[in-house]
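Using only what follows, build the 3D model:
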Amino acid sequence: MQFSDSPQRQRPHLALTMGDPASIGPEIILKALADPTISETCDLTVIGTRSLLEKTYQELHLQGQPLVHPDNLSIIDIPLDPNTIEQIMPGSGNGASGKASFLYLETAIAHTLEGKFQGIVTAPIAKSCWKAAGYSYPGQTEVLAQKAKIERFGMLFVGRSPYTGWTLRTLLATTHIPLNHVSQTLTPQLMSLKLDLLINCLQQDFAIENPKIVISGLNPHSGENGQLGTEEKDWLFPWLEKAQQQYSHAEIVGLVPPDTLWVNPAKAWYGDTLKITQTGDTARDRPTLTLNNVGDAYLALYHDQGLIPVKLMAFDQAINTTIGLPFIRTSPDHGTAFDIAGKGIARETSLKAAIELAVELTKQRLR
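All right, here's what the predicted structure looks like:
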């Protein structure tokens, strides 16, 4: 993913956590940082256990993998006791690897809040391994929010199409909760909080002053006037009307039935013979034909409603960024992939995209 460079040429200082050391995290870090263009755009420090990075390098280097040597990296070494080290094996996530990944994240947050870094890029962790280590958090997003002492935050997924250059931005209203809790969790207050966060993010981090935001319905056909669910009729449509009046500087569209919500984004992503220019995007090298039905961002009401289409379109390009934090945080939109850890076949594409987005968003804030 290529994001536009800042004319001010600041070099962001970023922390990169190693994630679960039994996952593909160490491998994709060594692969991504072997690309010299990464070091040209930012000052990046890996936060993890040096000995585990060195072990990964030694094993994969013998396979002829393009890797950066750990000696050529800036690393904040988090040493682990010998018993923990012995329990960490590629492909076998457990409480030991969960403890390590949590320590890496804690360290990155502490250094960032102290001002040593302007942003954090996180490699993937396993929630089950955190639980086995005694940490009860839904994910890294919630730890970041708690440590930063904020209550207003959200998960925004960003991907730039390799076919058209169009940028997909999807915010989740609810995140890691069971499906049967979604209807009870959604409230007018929560929807207002997420919409406000999204509008502020688009303005602050993406320089889109008058964004177009498309909001999904909850039920099939957005409830079909109460026949297929009553949430839309009872409160979602009344909430939407008030939001449209409140945010007069934004175009808020909805509630779009979930089964048709992603048709226009898919056309914008894959082209459909059109070249797209999206509001706020740099488009010097693209034709200026505009697809008016495409939004600057999409607000999905629950996890799979947003992430199934995102991963179908942008599995290797999508990045998870936490909005509402006092610093930038991005992460690849994929998991630990324990099944291929240590085999040398993991792709670093999404991690590189996460680093590049962190660089661009940090520069935008520095402007």
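
Could you look up the next helix or strand downstream of the worst-scoring helix or strand of the chain on mean pLDDT?
Lowest mean confidence among the helices and strands of the chain (mean pLDDT, DSSP states H and E): helix 231, at a mean of 88. Counting by DSSP states H and E, the element after helix 231 in chain order, helix or strand, is helix 237-246.

Name the residues that touch that following helix?
The contact list for helix 237-246 (C-beta atoms under 8 Å, 6 or more residues apart in numbering) reads 188, 191-192, 195, 215, 252, 254-255. For every residue, glycine as well, the C-beta is placed using N, CA and C.

In CSV: the residues you listed, plus neighbour count, secondary structure and pLDDT.
Shown next, in CSV, are the contacts of helix 237-246 (neighbours: other C-beta atoms under 10 Å; DSSP: H, G, I helix; E, B strand; the rest coil; pLDDT from 0 to 100):
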residue, neighbour count, secondary structure, pLDDT
P188, 14, helix, 96
M191, 19, helix, 96
S192, 15, helix, 96
L195, 24, helix, 97
I215, 27, strand, 96
I252, 21, strand, 94
G254, 22, strand, 83
L255, 22, strand, 91
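
Take the residues you listed and lay them out in JSON lines including distance to Q58.
JSON lines is the format used below for the contacts of helix 237-246 (distance: C-beta to C-beta, whole Å):
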{"residue": "P188", "distance to Q58": "56"}
{"residue": "M191", "distance to Q58": "51"}
{"residue": "S192", "distance to Q58": "52"}
{"residue": "L195", "distance to Q58": "49"}
{"residue": "I215", "distance to Q58": "50"}
{"residue": "I252", "distance to Q58": "54"}
{"residue": "G254", "distance to Q58": "53"}
{"residue": "L255", "distance to Q58": "54"}
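
Going by distance to M18, which of these wins?
L195 (34.7 Å; C-beta to C-beta).

What pLDDT is listed against the residue nearest the centre of the chain?
Closest to where the C-alpha atoms of the chain average out (C-alpha atoms, centre = their mean) is N320, at 0.5 Å. pLDDT recorded at N320 is 92.

For it, grab phi and psi.
Phi and psi for N320, reported as degrees, to the nearest 10, are phi -90, psi 120.

How about the contacts made by it?
Residues counted as contacts of N320 (C-beta under 8 Å, 6+ apart) are 141, 155-157, 330-333, 354.

just C42 next, same as before
11-14, 355, 358-359, 362.

are any of those buried, and which?
Buried residues within the contacts of C42, defined by neighbour count using 16 or more other C-beta atoms under 10 Å: 12-14, 355, 358-359, 362.

which two from the residues you listed end up farthest apart in space?
H13 and I355 (12.5 Å).

mind checking how far A34 is from P12?
Applying C-beta to C-beta, to the nearest Å, the value for A34 to P12 is 20 Å.

I should have written Q305 there, sorry.
33 Å.

With I29 instead?
As for I29, its distance to P12 is 17 Å (criterion: C-beta to C-beta).

ok, now I323?
From I323 over to P12 (counting by C-beta to C-beta), the distance is 17 Å.

ditto for S216
Taking C-beta to C-beta as the measure, S216 falls 33 Å from P12.

For the chain, just list every one of the strands.
Under the criterion DSSP state E, strands of the chain are mapped to 13-17, 43-48, 74-77, 119-122, 154-160, 167-172, 212-216, 251-256, 297-300, 319-323, 328-332.

ok, the first one: who's next to it in the sheet?
Put plainly, it is strand 13-17. Applying DSSP bridges to the sheet, strand 13-17 is found paired with strand 43-48 (parallel), strand 119-122 (parallel).

got CSV for those strands, with mean pLDDT too?
Formatted as CSV, the strands paired with strand 13-17 follow (pLDDT from 0 to 100):
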stretch, mean pLDDT
strand 43-48, 97
strand 119-122, 97
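
Highest mean neighbour count out of those strands?
Stretch with highest mean neighbour count among these: strand 119-122 (a mean of 28; mean count of other C-beta atoms under 10 Å).

how far does that one sit from the chain's center?
Chain-centre distance of strand 119-122: 10 Å, with C-alpha atoms, centre = their mean, to the nearest Å.

And for stretch 300-313?
Per C-alpha atoms, centre = their mean, the displacement of stretch 300-313 from the mean C-alpha position of its chain is 13 Å.

mind listing what's buried in it?
Within stretch 300-313, the residues scored as buried using 16+ other C-beta under 10 Å are 300-303, 305-307, 309-311, 313.

Can you list phi and psi of L325 for me?
phi -80, psi 160.

Give the closest residue to it in space, chain neighbours not counted.
Leaving out its chain neighbours, the residue that sits closest to L325 by C-beta to C-beta, 6 or more residues apart in numbering is A148, at 5.5 Å.

How about T56: what's its closest non-neighbour residue?
Distance criterion C-beta to C-beta, 6+ apart; nearest residue to T56, sequence neighbours excluded, is P26 at 4.0 Å.

The one you found contacts T17, doesn't it?
No. Using C-beta atoms under 8 Å, P26 makes no contact with T17, being 11.1 Å away.

Need the residues touching each of these two.
Taking C-beta under 8 Å, 6+ apart as the contact rule, P26 and T17 both touch G48.

neighbours around E224, how many?
Residues within reach of E224, counting by other C-beta atoms under 10 Å, total 14.

for D196, same thing?
Neighbours around D196, by other C-beta under 10 Å: 16.

what residues are up against it?
By C-beta under 8 Å, 6+ apart, D196 lies in contact with R152.
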